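Asker: my questions are about this predicted structure, shown below with the sequence.
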Amino acid sequence: MSSSTTPLSYKNIMGNPEYQNFEFTVNWIFLCVVIMVCYSIPPIVVFGRIAFFFFTKKSKIKKNVLRIEIFYSFLLMQFWNIVLVFADFAMFRMPYTTIFTRYCATENPQTLLKCIVFVYFWAAYASQLFTVLFCALRVAILYLVSKNTTERIMQVLPPIIIIFGLAAALPHFSTDAYCMQLVEPYIYGSVLIISKFHSMNSYVIIFNAFIYVSVTLTIIALNGLMMIKVRRKKLINTLRSATQSVRIERTLTGTMIILLFPMIVSCLISIGEISRISYFSYILLIRPLFIDARVHIVTSYFYLTNPVFRSKSPHSSVSHMSRVTL
C-alpha cells in the first residue's frame, strides 16, 4: 500500500494497519545508508588498530612525548563516539530506509526499541563529556599542569562521566518507545525511533540543547586557550628541526580544531529542534554526516598524522621542555 499522493505527517505507526501491510522496496535513502555503512568501516578498523597499539605498546608511548593520559582520553572519546554512530544507525538511519517499518508496526518490539533509545542517549551524553575531557587535558598539559594531576583526573572523571550518561539516559527506558513517520523529504514508511519520555516532555529537548550548547562553548573556549599557547610556542618550535614532539603537537592541535566544527553544527541542530523550524526534517537528513565527521575524520587524522604509530620513529632527540608540555 502506498500513500505517495497523501502529504506525509508526523505520526505514531505502531499498530497502524496501513503500516502493518507496508512493503519494503529499495529506495534512495537505503542506498545512502549503505554508502554510510561502507565509509564507516575503515575508520572503525583504524580505531581498533589505535586501541590495540595502546594496550600492547604502552612502553613505546611512554618513551615518546605523547602523554598516556591524552592517548587514553582520546580512546574513551572515540569509543563512545563509535557507540553513538552504531546507535544512530539503529535509531535513525536504518529506520529511515523503511526496512523495519512493517516489523515495528506489527510486532511493537518494546524491549528492543527502548534499548536502542537508551543506548543512543547514553552514548550521546558520554561522548559529549569525553570530548570536553580530551580537549581540557590537552590544554591543561599545554599550560604545564602536573602529570600527577592529569593522571588523577583520568582516574576520577571517566567513571563519573559514564555514570552521569547512564543516569541521564535511564528515564528514556521508563516509558514506551515508538516508530514515528517522518515528513518530506523522507518517503512514505521512513520512520525514526523515539521514546514517549522524549516526545511528551519539552524539558528533555531543552536539557539536550543545554548539554550541546555548554559543551560547544566550552570547546570553543578551550580551542581559544590552546591557540594562545600554541602561538606563544611557535617561535620556539620554528627554531628547531621538525622533531617528533612538534609533529605530535600539530596532531593534537589539529584534532581539537577538527572536533570543533561538527560540534557547532550539532549544537545548531539541537537549537533547531527547540524552535521547531519548518525545515527541521531536512536538517535531520544531513545530520548523520556531521556525526560521522566527528568520529571518522578525527580518528583517521589522529592515526595518519601521529608519528607514534610509525614503525620506525623519526630522530627522537627531544628536549626536556617538549616532553613536559605535550
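Answerer: Now that the structure is in, tell me what you want to look at.
Asker: contacts only, for the spatially most central residue of the chain.
Answerer: Nearest residue to the geometric centre of the chain (CA atoms, centre = their mean): Asn81, 3.5 Å. Listed by CB atoms under 8 Å, 6 or more residues apart in numbering, the contact partners of Asn81 are 123, 127, 131, 294-295, 298. (C-beta placed from N, C-alpha, C; glycine too.)
Asker: farthest-separated two in these?
Answerer: Ala123 and Val298 (15.7 Å; CB to CB).
Asker: next one: phi and psi at Asn27?
Answerer: Backbone dihedrals for Asn27, given as degrees, to the nearest 10, come out at phi -140, psi 170.
Asker: what's the longest helix that the chain contains packed up against?
Answerer: Counting by DSSP state H, the longest helix found in the chain is helix 202-238. With contacts taken as 3 or more CB pairs under 8 Å, 6 or more residues apart in numbering; DSSP states H and E, helix 202-238 sits against helix 110-142, helix 196-199, helix 244-275.
Asker: what about the helices in the stretch 1-150 of the chain?
Answerer: Using DSSP state H, counting those that start in this stretch, the helices of the stretch 1-150 of the chain run over 17-20, 28-56, 58-63, 68-88, 94-96, 101-107, 110-142, 147-169.
Asker: mean pLDDT added to the ones you listed, as CSV?
Answerer: Shown next, in CSV, are these (pLDDT from 0 to 100):
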stretch, mean pLDDT
helix 17-20, 92
helix 28-56, 93
helix 58-63, 70
helix 68-88, 93
helix 94-96, 95
helix 101-107, 94
helix 110-142, 93
helix 147-169, 94
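Asker: nearest to Ile187, of those helices?
Answerer: It is, among the helices of the stretch 1-150 of the chain and with distance given as CB to CB, helix 28-56, at 6.6 Å.
Asker: and the closest one with helix 68-88, angle?
Answerer: Here the directions of helix 28-56 and helix 68-88 differ by 150 degrees (axes from the mean of the first three to the mean of the last three CA atoms, to 10 degrees).
Asker: buried stuff in helix 28-56?
Answerer: 29-30, 33, 36, 40, 43, 46-47, 50, 53-54 (16 or more other CB atoms under 10 Å).
Asker: for stretch 194-211, same thing?
Answerer: Those would be 194-195, 197-199, 204-205, 208-209, 211, for stretch 194-211 by 16+ other CB under 10 Å.
Asker: ok, so of the residues you listed, who is nearest Cys135?
Answerer: Ile211 (15.5 Å).
Asker: the closest one: what's its closest spatial neighbour, skipping adjacent residues?
Answerer: Sequence neighbours aside, Gln128 is the residue nearest to Ile211 in space, at 5.8 Å (criterion: CB to CB, 6 or more residues apart in numbering).
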